[in-house]
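this one's structure only:
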DNA sequence: TTGCTATATTGAACATGTTCACTTATTGAA
DNA sequence: TTCAATAAGTGAACATGTTCAATATAGCAA
């Protein structure tokens, strides 16, 4: 029934197949990005994506196991890009608190530009099977490592007590980040500034502790 | 096409309609509980539920706006029950840390008995529209209030410094609770004990703070 | 060139959540 | 009692994510 490859092409040298597959995958991804951005996740059907990419429906699901994976694929590149930029542009001499907020700010700005898709990403990202779910989780784990590293650096500056468990602290802070993000996305309007302020308060409290001074 | 009410019944006194509706809703809810518990959320179709309840497909969706709401309805009663029991059975003289863990333990035990449904609940509970989503969120907010109240009590016992912001602290702790829950449900086996231990460590760190002593 | 195998592609078929026009029962008024 | 209005109930129709057997191509060996 199918007509095989879309564009047979004249050349038959080795590597052709892999290149074709990569190109098709890219075509699908571009179409998905465009349509998700334009119409949102739920209003975009896989058939829409296939049509826009000039490809059969089955081909889309051959490259990405399900629609949620397609969303992750569409946004993950942006997210890792933001992460890299932000870490590369980390100013010197910032306190731990400000370092954390410096990382978070561009992410919140990104979410603010596409609250609908961000909502869906946050929701769909939970318990996703397959390689794309794993990639997203890997990204989160890398995030954790980064924050844990910042904690260690802050220790050496005397900003954080030496006996504090860095990874545990990073986990708690990441939990707060996600909770604040969830709260922000649950509001009708996503307001990054107030969310950053909220996260800042949490950071302060976490640094100071709430137990009796001693 | 439809045959109207399932059991017309002889009596026609007022209030009949409301009672019938409540009964039908209950029938549907029981069927949903049973099937969700037996086959899990995704393997249970709305048609299954309708058949088990002896009711048409449309009737199910007339009582609950969508499948996710049906899951919330099926579990929410249990959750509020656990909450009430746990609060009523709170031992006297417990430290704040132990009070928190005392509340969390029965919930984790509940999730451990149905990890699949708990996963789905956690995922589907994000951004659910309609009355059932609101009910679940209300439940979470009540939880927050309870923890904030415990913080205030701990203040008066001198266990928590007076200037600590109670609601902010409760929010951070709830965030950690959710993150630990998510982590546990992401593992192949949900092990309450180790999760409780993890949450305990977070509580300790949160009470002590990680900033320099002074 | 000629076959053979593995792989990419395809759309029809399927499963299932959801919508909706229609039927029937309840209720209160005439 | 009769009847009009309202509400509850119903399943066919629909929309869409996903599966899969069929098909065509690429890569490669003889």
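Now that the structure is in, tell me what you want to look at. Because the structure is a prediction, the values reported are computed rather than measured.

Could you say which helix or strand holds the residue nearest to the spatial centre of chain A?
Nearest residue to the geometric centre of chain A (Cα atoms, centre = their mean): residue A:79, 4.3 Å. Assigned by DSSP states H and E, residue A:79 belongs to helix A:67-88.

residue in chain A nearest to DNA strand C?
Going by Cβ to the nearest atom of the strand, DNA strand C is nearest to residue A:58 of chain A, at 1.9 Å. C-beta coordinates here come from the backbone N, C-alpha and C atoms, glycine included.

Please verify my assumption that the residue nearest to the centre of chain A contacts residue A:139.
Yes: counting by Cβ atoms under 8 Å, residue A:79 does reach residue A:139; the two are 6.4 Å apart.

quick revisit: which secondary structure elements does the helix holding residue A:79 sit against?
helix A:16-39, helix A:46-53, helix A:96-113, helix A:115-124, helix A:130-156 (3 or more Cβ pairs under 8 Å, 6 or more residues apart in numbering or on different chains; DSSP states H and E).

right, and the ones you listed - which one's nearest residue B:200?
Nearest to residue B:200 among those is helix A:130-156; the distance by Cβ to Cβ comes to 19.6 Å.

Any idea how far stretch A:80-90 is from the middle of the chain?
13 Å (Cα atoms, centre = their mean, to the nearest Å).

Same check on stretch A:59-68?
Stretch A:59-68 sits 19 Å away from the centroid of its parent chain (Cα atoms, centre = their mean).

try stretch A:199-207
23 Å.

got the buried residues for it?
Neighbour counts over stretch A:199-207 (16 or more other Cβ atoms under 10 Å in any protein chain shown) mark A:199, A:201, A:202, A:203, A:205, A:206, A:207 as buried.

Can you verify my assumption that the first one contacts residue A:104?
Spelled out, that is residue A:199. Yes: the pair residue A:199 / residue A:104 is scored as a contact, 6.3 Å apart, by Cβ under 8 Å.

Find residues that contact each of the two.
Shared contacts of residue A:199 and residue A:104, defined by Cβ atoms under 8 Å, 6 or more residues apart in numbering or on different chains, are found at residue A:177.

which stretch of helix or strand covers the closest residue to residue A:46 other than its chain neighbours?
Of all residues not flanking residue A:46 in the chain, residue A:60 sits nearest, at 5.5 Å (Cβ to Cβ, 6 or more residues apart in numbering or on different chains). Residue A:60 belongs to helix A:57-63 when assigned by DSSP H and E.

neighbours of residue A:195, just the number please.
22 (other Cβ atoms under 10 Å in any protein chain shown).

who touches the residue nearest to residue A:46 in this structure?
Neighbours of residue A:60 in contact, by Cβ under 8 Å, 6+ apart: A:28, A:46, A:49, A:50, A:53, A:70.

same thing with residue A:153?
residue A:96.

Relative to chain B, how far out is it?
Using Cβ to the nearest Cβ, to the nearest Å, residue A:153 is found at 13 Å from chain B.

Surely residue A:36 touches residue A:44?
Yes: at 5.7 Å, residue A:36 counts as touching residue A:44 under the criterion of Cβ under 8 Å.

Could you give me the buried positions within the helix holding residue A:60?
Buried residues in helix A:57-63, counted by 16+ other Cβ under 10 Å: A:59, A:60, A:61, A:63.

what's the angle between the lowest-mean-pLDDT helix or strand in chain A and helix A:96-113?
When the helices and strands of chain A are scored by mean pLDDT, DSSP states H and E, helix A:16-39 comes last with a mean of 94. Orientation note: helix A:16-39 sits at an angle of 80 degrees relative to helix A:96-113 (axes from the mean of the first three to the mean of the last three Cα atoms, to 10 degrees).

can helix A:16-39 be found next to DNA strand C?
Yes: part of helix A:16-39 sits near DNA strand C under the criterion Cβ under 7 Å from any atom of the strand, namely A:17, A:20, A:21, A:24.

now stretch A:65-76
No: using Cβ under 7 Å from any atom of the strand, we find that stretch A:65-76 stays clear of DNA strand C, coming within 12.6 Å at best.

buried sites along that stretch?
Here stretch A:65-76 shows A:66, A:67, A:68, A:69, A:70, A:71, A:72, A:73, A:74, A:75, A:76 as buried, counting by 16+ other Cβ under 10 Å.

If we check DNA strand D, which of the residues you listed are in contact?
Counting by Cβ under 7 Å from any atom of the strand, the subset of the buried residues of stretch A:65-76 that neighbours DNA strand D consists of A:66, A:67, A:68.

TSV for those, including pLDDT?
Formatted as TSV, those follow (pLDDT from 0 to 100):
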residue	pLDDT
A:66	97
A:67	98
A:68	97
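
would you list those in CSV and tack on distance to residue B:147?
Output for those, formatted as CSV (distance: Cβ to Cβ, whole Å):
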residue, distance to residue B:147
A:66, 37
A:67, 37
A:68, 33
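
of all the residues you listed, which comes closest to chain B?
Chain B lies nearest to residue A:68 out of those, by Cβ to the nearest Cβ, at 10.7 Å.

nearest residue to that closest one other than its sequence neighbours?
That would be residue A:124: by Cβ to Cβ, 6+ apart, it lies 4.2 Å from residue A:68.

per-residue confidence at the one you found?
We have a pLDDT of 88 for residue A:124.

Now for it: which residues touch it?
Residue A:124 touches A:68, A:71, A:72, counting by Cβ under 8 Å, 6+ apart.

coming back round to it: ok, so of the buried residues of helix A:57-63, who is nearest residue B:149?
When those are ranked by distance to residue B:149 (Cβ to Cβ), residue A:61 comes first, at 50.2 Å.

Any figure for the gap between that closest one and chain B?
Residue A:61 sits 18 Å away from chain B, going by Cβ to the nearest Cβ.
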